[in-house]
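> Predicted model follows, preceded by the sequence.
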Amino acid sequence: MTNPPNVRSAPPSAPPHAPARPPMPPSVPPAGQPPARRAAWAETAERVRAAATTEPGRLRIIGAALALLVVAFGAVTAWEASDRFTAADDVVNRSQPLSVDAADIYRSLADADTAAASGFLAGAPEPPDVQKTYRTDITTASGLLITAATHTDGTSESGRQIATLNEGLPRYTGLIEQARAYNRQGLPLGGAYLRYANQLMSNELLPAAEKLYAAETDRLATDNEDARLWPFVSTALGVLAFGGLFWAQRRNYLRTNRVFNHGLLAATAASTVLLLWLAAAQTVARSELHNAKTHGQASLEVLNDARINSLKARANENLILVARGAVLNEDNKDKYETDYTTGMDKLSVALGKAKGLAPDNSDGRTPVNDAIASVSEWRGRHALASKADKTGDYKTALAKVIGTEDSTGESFRRVDSSLKLAIELKQKEFDTYASDGLGALNGLAIGAGALALVAAVGTILGIGRRLSEYR
């Protein structure tokens with residue numbers, strides 16, 4: 001029997017009335033292979049979304065977020081507080097002392113040069129007090145250079161200047177000893193060695209000491225700025241932690257009508273204490289360190305500059321009589337007379353600045369006023385000595401420069417003692433302000449860790465108490 005012509009035979013492999021096989025989903029792996037595992041973050045996100053659909057799940061998420069936030073607040077506060085404390089400690093115990101040492105190195109070298117010239121003018125044998133001053137200054141400068149070198153990186157600017165000073169100081173002292181030896185023999189060659197020593201001091205040693213002082217002063221300013229930098233990150237985290245805890249307690253009140261959750265209340269109290277402590281400590285530290293900079297360090301820089309210029313002017317004044325016009329500058333004028341006048345002008349300008357920085361009726365203003373009066377007296381006496389020297393009366397000129405009464409040396413000593421007193425007063429003022437700023441930050445880093453731990457535990461216990469109501 002044949003099939004009808006319009007009816008097509010079914011394929012032999014397909015049984016009659018067999019259902020069509022659905023296509024295999026692409027996500028289903030072939031038979032014999034394990035199912036593909038999704039990324040860990042995707043699974044975690046799905047679990048979080050699933051947990052957020054129930055109140056216990058939402059509470060767990062809130063508790064974990066708050067605990068993480070308060071711990072981050074405490075950790076960042078501890079880190080920033082420790083950083084500010086370290087910078088303030090450097091101001092008090094490292095950079096400021098090194099700045100003072102650098103200024104003392106400069107002063108000692110300039111004073112030694114002045115003493116050497118004064119002793120040479122006095123003739124052989126030199127007065128014992130002048131010799132003692134010279135030896136003390138050289139010993140002081142050498143000892144301070146050793147101290148500075150132990151606290152300074154040799155490759156830094158300060159380290160390079162210290163190396164220059166350590167190399168040049170023995171050469172200077174050798175020239176001074178040769179000048180003294182020739183002076184004791186009455187040979188004029190001693191004056192040449194003294195002038196050469198002064199050139200070494202003026203052209204190499206004092207500029208190196210000045211650069212050392214500038215480098216240490218810059219480091220002091222940097223440490224002061226670092227200590228005064230406001231902790232913005234920890235402050236922002238503290239505000240977020242306080243806001244999050246407040247929101248969680250308000251949410252708890254609206255859902256349960258319970259006013260207090262003891263755990264969350266303890267966490268809020270701990271976070272609030274830490275935030276207020278951070279703000280108060282940093283505010284006090286910034287204020288005190290600012291006072292140390294403006295009322296202490298600024299005046300110290302000006303007073304040190306004034307004292308150094310007074311020493312340089314005194315050394316040049318002595319060398320005027322040693323050289324007796326033998327050394328001229330480019331304008332064919334007496335080099336040491338010109339340098340003396342320049343030094344005295346700088347001294348007057350520095351004293352004017354120091355007076356402006358010292359408040360009226362303050363202890364620091366009195367020695368500055370005394371120094372200004374002594375500088376005026378010094379100028380008048382120098383004019384008389386210069387007049388005598390130009391008229392050929394060398395003996396009278398010498399007496400008016402190194403004499404014990406009514407001499408420029410007497411005026412110089414008054415200026416120096418007044419400036420020394422003013423520097424000591426300002427140094428005490430700086431130390432007081434800087435120490436108070438350091439004290440304000442004391443204990444904050446440790447306290448931040450402890451309070452953050454209390455806040456985290458309080459958050460966990462508070463949320464845990466709410467979760468126990470669903471069991």
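Okay, I see it.
> if I look at the residue nearest the centre of the chain, how far off is T152?
For the chain, the residue nearest the mean C-alpha position is D223 (1.7 Å; CA atoms, centre = their mean). In this view, D223 and T152 are 14 Å apart by CB to CB, to the nearest Å. From N, CA and C alone the C-beta is placed, and that goes for glycine too.
> What of V457?
V457 is 46 Å from T152, by CB to CB.
> the more surrounded of the two?
T152 (20 against 16; other CB atoms under 10 Å).
> Which residue, neighbours along the chain excluded, lies closest to V76?
S234 (4.6 Å; CB to CB, 6 or more residues apart in numbering).
> Near that neighbour, how many other residues are there?
Residues within reach of S234, counting by other CB under 10 Å, total 25.
> Run the chain-centre distance for the host helix or strand of it.
Element membership for S234 (DSSP states H and E) is helix 232-256. Taking CA atoms, centre = their mean, to the nearest Å, one finds the center of helix 232-256 at 36 Å from the center of the full chain.
> what does the average pLDDT come to for it?
Across helix 232-256, the average pLDDT comes to 89.
> Please apply the same query to stretch 382-401.
Mean predicted lDDT for stretch 382-401 stands at 89.
> mind listing what's buried in it?
Neighbour-count burial for stretch 382-401, counted by 16 or more other CB atoms under 10 Å, picks out 382, 384-386, 388-389, 396-401.
> Out of those, which sit inside helices?
382, 384-386, 388-389, 396-401 (DSSP state H).
> Can you tell me which of these comes closest to L289?
Taking CB to CB as the measure, L289 lies nearest H382 of these, at 42.0 Å.
> May I see the buried residues of stretch 451-460?
By 16+ other CB under 10 Å, the buried positions in stretch 451-460 come out as 451-452, 454-460.
> Stretch 66-80 now?
Neighbour-count burial for stretch 66-80, counted by 16+ other CB under 10 Å, picks out 66-67, 69-74, 76-78, 80.
> Repeat that for stretch 226-241.
The neighbour-count check on stretch 226-241 (16+ other CB under 10 Å) flags 227-228, 231, 234-235, 237-238, 241 as buried.
> between these, which is nearest A215?
Closest to A215, out of all of the buried residues of stretch 226-241 and judged by CB to CB, is A227, at 19.0 Å.
> ok so the closest one is a helix residue?
Yes. Counting by DSSP: H, G, I helix; E, B strand; the rest coil, A227 is located in a helix.
> wait, doesn't it sit right on A88?
Yes. If you go by CB atoms under 8 Å, A227 and A88 touch, sitting 3.9 Å apart.
> Overlap in contacts, the two.
Common neighbours of A227 and A88 (criterion: CB atoms under 8 Å, 6 or more residues apart in numbering): 285, 289, 437, 441.
> ok, and the most crowded of those?
L289 (29 neighbours).
> Identify the residue nearest it in space, chain neighbours excluded?
Nearest one to L289, counting by CB to CB, 6+ apart, is G437 at 4.1 Å.
> pretty sure that neighbour contacts A87?
No. Applying CB under 8 Å as the test, G437 and A87 come out as separate, 10.2 Å apart.
> Overlap of the contact sets of these two?
A227.
> on that earlier part again, mind putting the buried residues of stretch 382-401 into CSV with distance to N309?
Shown next, in CSV, are the buried residues of stretch 382-401 (distance: CB to CB, whole Å):
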residue, distance to N309
H382, 15
L384, 22
A385, 19
S386, 19
A388, 25
D389, 22
T396, 27
A397, 23
L398, 24
A399, 25
K400, 21
V401, 18
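> hang on, D360 in a strand?
No. Under three-state DSSP, D360 sits outside any strand and is assigned coil.
> So for it, what's the pLDDT?
70.
> How about A39?
The model's pLDDT for A39 equals 63.
> Run the angle between the helix or strand hosting H290 and helix 232-256 for me.
Using DSSP H and E, H290 falls within helix 262-291. Here helix 262-291 runs at an angle of 160 degrees relative to helix 232-256 (axes from the mean of the first three to the mean of the last three CA atoms, to 10 degrees).
> Please tell me how far helix 262-291 is from the chain's geometric centre.
24 Å.
> list the helices and strands it packs on?
helix 55-90, helix 206-228, helix 232-256, helix 408-440, helix 444-468 (3 or more CB pairs under 8 Å, 6 or more residues apart in numbering; DSSP states H and E).
> one step back: OK, contacts around the residue nearest to the centre of the chain?
D223 sits next to 87-88, 90-91, 94-95 when contact means CB under 8 Å, 6+ apart.
> For the residues you listed, which entry has the maximal number of neighbours?
V91 leads the contacts of D223 on contacts (other CB under 10 Å) with 32 neighbours.
> Check which helix or strand A117 maps to.
Going by DSSP H and E, A117 is part of helix 96-122.
> ok, residues contacting the following helix or strand past that helix?
Per DSSP H and E, the first helix or strand lying C-terminal to helix 96-122 is helix 128-150. Contacts with helix 128-150, where a contact means CB under 8 Å, 6+ apart, come from 98, 101-102, 104-105, 108-109, 111-112, 115-116, 118-119, 122, 158-159, 162, 165-166, 169, 173, 176, 212, 216.
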